[in-house]
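Colleague: this one's structure only:
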């Protein structure tokens with residue numbers, strides 16, 4: 001399992017829009033496809049990758065349903081989603097950190113290895129790490 005320092009750092013980067021998604025890389029002069037690696041249908045931004053992507057939404061829904069959590073990300077920014085969650089869900093506060101890390105790992109695995117992960121398998125792995133914590 002990855003160290004918690006790295007996981008918390010990624011979470012901070014997500015909240016402050018510092019994650020190197022394609023939109024941020026393009027602003028820095030990188031050339032690339034620009035599309036989300038997980039759904040290949042929209043531009044990859046932090047908002048899209050972590051809360052609006054089809055893959056990501058299925059992942060969130062699978063994890064939430066297995067923990068019997070009712071939640072909706074509709075019409076929220078990434079910061080609103082994560083901070084509202086953190087304020088309102090005392091029982092599962094750290095779950096978001098584990099999910100964000102899992103999404104980031106899936107995205108990078110797809111880019112580096114060309115292997116598209118499965119939402120259910122990924123969700124089970126995230127839950128396993130979360131429960132170990």
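Modeller: The structure has been received and is ready for your questions. No experiment lies behind these values; they were computed from the predicted model shown. Residues are numbered from 1 along each chain as shown.

Colleague: Thought residue 9 was touching residue 97, still the case?
Modeller: No: in this structure residue 97 lies outside contact range of residue 9 using C-beta atoms under 8 Å: 10.1 Å. (C-beta placed from N, C-alpha, C; glycine too.)

Colleague: what about these two, which has more around it?
Modeller: For residue 97 and residue 9, the more surrounded residue by other C-beta atoms under 10 Å is residue 97, and the numbers stand at 20 against 13.

Colleague: what is the rounded mean pLDDT of whatever helix or strand the more buried one lives in?
Modeller: Under the criterion of DSSP states H and E, residue 97 resides in helix 95-113. Helix 95-113 comes out with an average pLDDT of 87.

Colleague: got a list of contacts for the helix or strand that comes right after it?
Modeller: Downstream of helix 95-113, the next assigned helix or strand under DSSP H and E is helix 119-132. The contact list for helix 119-132, computed with C-beta atoms under 8 Å, 6 or more residues apart in numbering, reads 1, 55, 58-59, 62-63, 66-67, 94-95, 98-99, 101-102, 106.

Colleague: PyMOL command to pick out the buried ones of those?
Modeller: With 16 or more other C-beta atoms under 10 Å as the criterion, this PyMOL line picks the buried residues out of those:
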select buried, resi 55+58+59+62+63+95+98+99+101+102+106
